[in-house]
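Trainee: I'd like to go over a predicted model; first the sequence, then the structure.
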Amino acid sequence: MPAAPFVTRLNEQIANEFAASQQYIAVAVYYDNETLPRLASFFYAQALEERNHAMMMAKYLMDADEEAVIPAVAAPRTAFADIVEPVAIALAQEKRVTEQIGELAGIARDARDYQSEQFMQWFLKEQVEEVSTMKDLLTVVQRSADNPMLAEEHLAREASGGEGSDPTAPPAAGGAV
C-alpha cells in the first residue's frame, strides 16, 4: 500500500504530466502553423509521451487500490516570440518535472514505501533522457533561429523514427502506448 503522502504527490504529478502534454500540444500547433512539420511532429509525439506518463501513474494508483485523481489543468501558453522560445520553455518544463520526480522518489523512500520508490525509478531514468533531448534540441533551434529549415533538416536526419516502446516502462491505464 503506497504511503499517503506519496499518493497525494503522485496525484499532483498526474496533473503536472497532463499540463506538460497540453503545453507540448500548444507548441506542436505553433510549429504546425509556422509550417515546420518536423518540429510539430516532434512535439505531438512528446505530448503523447507526457499523457502516457500520467496514465502510467494513474494505473499504478489504481493497481494499489488508491484513488487516481484526474485533474483540470491550466491552459497552456500558445503564443511565442520565435522558434526558439517554445523549446526553451520545454527544457525548463523538463527540468521542473525532473525535480518533481526526484521529490516523489524521496517521499517514497522517506516513508519506507519501497514499491512506490521502485515505481519511480523508471521515471528518474526517463527524465535524464528528456532533459538531454530538449537541451540538444534547444541548441539546434538556437543555431537555426535565422533559418528554421536547418532545424527541420536536423530532425529529419537525426530522428530515429522507430524506437518502439520501452519494455521496462510501467503499464499505463487504458493500455496507452
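Mentor: Received, thanks. Residues are numbered from 1 along each chain as shown.
Trainee: how about stretch 98-116: buried residues?
Mentor: Residues of stretch 98-116 classed as buried: 98, 100, 101, 104, 105, 107, 108, 113, 116 (neighbour count, 16 or more other Cβ atoms under 10 Å). Every residue, glycine included, has its C-beta placed from N, CA and C.
Trainee: the helices in this structure, which residues?
Mentor: Listed in chain order, the helices found in the chain under DSSP state H are 4-33, 37-63, 85-110, 114-143, 148-158.
Trainee: buried set for the first one?
Mentor: It stands for helix 4-33. In helix 4-33, counting by 16+ other Cβ under 10 Å, buried: 6-7, 9-11, 13-31.
Trainee: can you check what angle separates it from helix 148-158?
Mentor: 120 degrees (axes from the mean of the first three to the mean of the last three Cα atoms, to 10 degrees).
Trainee: other SSEs contacting helix 4-33?
Mentor: helix 37-63, helix 85-110 (3 or more Cβ pairs under 8 Å, 6 or more residues apart in numbering; DSSP states H and E).
Trainee: between it and helix 37-63, how big is the angle?
Mentor: Going by the same axes, to 10 degrees, helix 4-33 makes 160 degrees with helix 37-63.
Trainee: what does the third one give?
Mentor: An angle of 20 degrees separates the directions of helix 85-110 and helix 37-63 when computed by the same axes, to 10 degrees.
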